[in-house]
Each structure stands twice: as C-alpha cells, then as structure tokens.
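> here you go, sequence then predicted model.
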Amino acid sequence: MVDRALFDALRASASASRLRFLRELTRLRIDLANARLLIRARSKALPPAAIISRLVSGGSTALNRLAERAPRMSLAELARAITDSGVFGGVLEEDLADVKHFDVAADAVVAARMLDARMAAGGADPVLAYVLGREAEVLLLRTAVAGRLAGLDRETIRERIRERVS
C-alpha cells in the first residue's frame, strides 16, 4: 500500500510537470517495482490473483501480462521473460533472478537513464538528473551512517555501498 501511494504521487507529479524525462523515469521505477514483485512473488509461489492485485499501475503492459504466467514459470524463465520484454535495457537475467542482486541491477538501470539525461543539450533534464544524483548520494551516506549506528564494521559497510554504486 505504501509503495502504491508513493508511485501514485510520483506519477501525478510527473504528469503535472509535463517533463518527458520525469514521466519516463517514473514509469521505469514502476516497472522495476513490478519486476521485483514478479520475482519475489514467484519465489514465494503466490497465485496470479495475488500478484495482479499487488502490481503498481502505470507501468509496462508487458510486465503486467507476465503476472498471469509467472507462477507457472521457473525463476530463470521468468527472469528471461522480463529481460525479453525489452522494458529494461542491459539488465542480465542472472541479476533479475537473484533477489540479492536485483536492487543493484535496478539502481544501475536508473543511474544509466539519469546519466543519459545529464548529457542532454539543455532544458530541465540535466538539472533534474543532477538533483536525483545528489539524492542518491544522500542515500549512500544514510546507508553508511545507519550501518555504523547498527554496529557494522567498516568493511561490511564498504561492501554494501560498493554494491549500490557498481
């Protein structure tokens, strides 16, 4: 419910802004959330009705169609189907199938889109990408501080930050 409310607010803001980059980035984040849901739901063997009811609206119809078939597919087949959908360019099936690496791969997809926007000749895209990049840096800093407060050693924190950056 929280994710759905977040994405509804993001979609409304992106639509109101009339910025193509922001609309595309919001759709990408929705697609990533839905792909994550499909992978995790498959791991938990959820029935199609439960998967469909949890999908966030506003994403790719290709991923929505996979919700019906996901429970009958192996994890590798589902990862291949998501990759073949063409929703995310450059994501490896292995990264999608491994829940531990999924978030790292998702962050890489978003970072690549923001890098493209930073290279735009003008307009709001480079500014927005810059701000979102700074937001990502704050997230990394919060990860480091939270790790230290939780008593994690420096090497463990470095590994987690490296995973998010690479």
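Yep, that arrived.
> so where's this protein uncertain?
90, 99-100, 160, 162-166 (pLDDT under 70).
> now do the helices in it.
2-17, 20-43, 48-54, 61-69, 75-84, 93-97, 99-118, 125-149, 154-165 (DSSP state H).
> export the ones you listed to TSV and tack on mean neighbour count?
Just so you know, the C-beta spots here come from the backbone N, C-alpha and C atoms, and that holds for glycine as well. Compiled in TSV, those are given as follows (neighbours: other Cβ atoms under 10 Å):
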stretch	mean neighbour count
helix 2-17	14
helix 20-43	20
helix 48-54	14
helix 61-69	16
helix 75-84	18
helix 93-97	19
helix 99-118	16
helix 125-149	13
helix 154-165	13
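> and the gap between the spatially most central residue of the chain and Leu141?
Nearest to the geometric centre of the chain sits Leu32, at 3.5 Å (Cα atoms, centre = their mean). Distance of Leu32 to Leu141, given as Cβ to Cβ, to the nearest Å: 22 Å.
> dump stretch 111-124 to PDB, restricted to CA.
What follows is stretch 111-124, C-alpha atoms only, in PDB (Å, rounded to 0.1, in the frame of the first residue of the first chain):
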ATOM      1  CA  ALA A 111      21.600   5.500 -13.000                       C
ATOM      2  CA  ALA A 112      22.100   4.900 -16.700                       C
ATOM      3  CA  ARG A 113      18.900   6.700 -17.500                       C
ATOM      4  CA  MET A 114      19.900   9.600 -15.300                       C
ATOM      5  CA  LEU A 115      23.300   9.700 -17.000                       C
ATOM      6  CA  ASP A 116      21.600  10.000 -20.400                       C
ATOM      7  CA  ALA A 117      19.500  12.900 -19.100                       C
ATOM      8  CA  ARG A 118      22.600  14.700 -17.700                       C
ATOM      9  CA  MET A 119      24.100  14.600 -21.200                       C
ATOM     10  CA  ALA A 120      21.000  16.300 -22.700                       C
ATOM     11  CA  ALA A 121      21.800  19.600 -24.500                       C
ATOM     12  CA  GLY A 122      19.500  21.700 -22.400                       C
ATOM     13  CA  GLY A 123      16.200  22.000 -20.600                       C
ATOM     14  CA  ALA A 124      15.200  20.600 -17.300                       C
END
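> no further questions, thank you.
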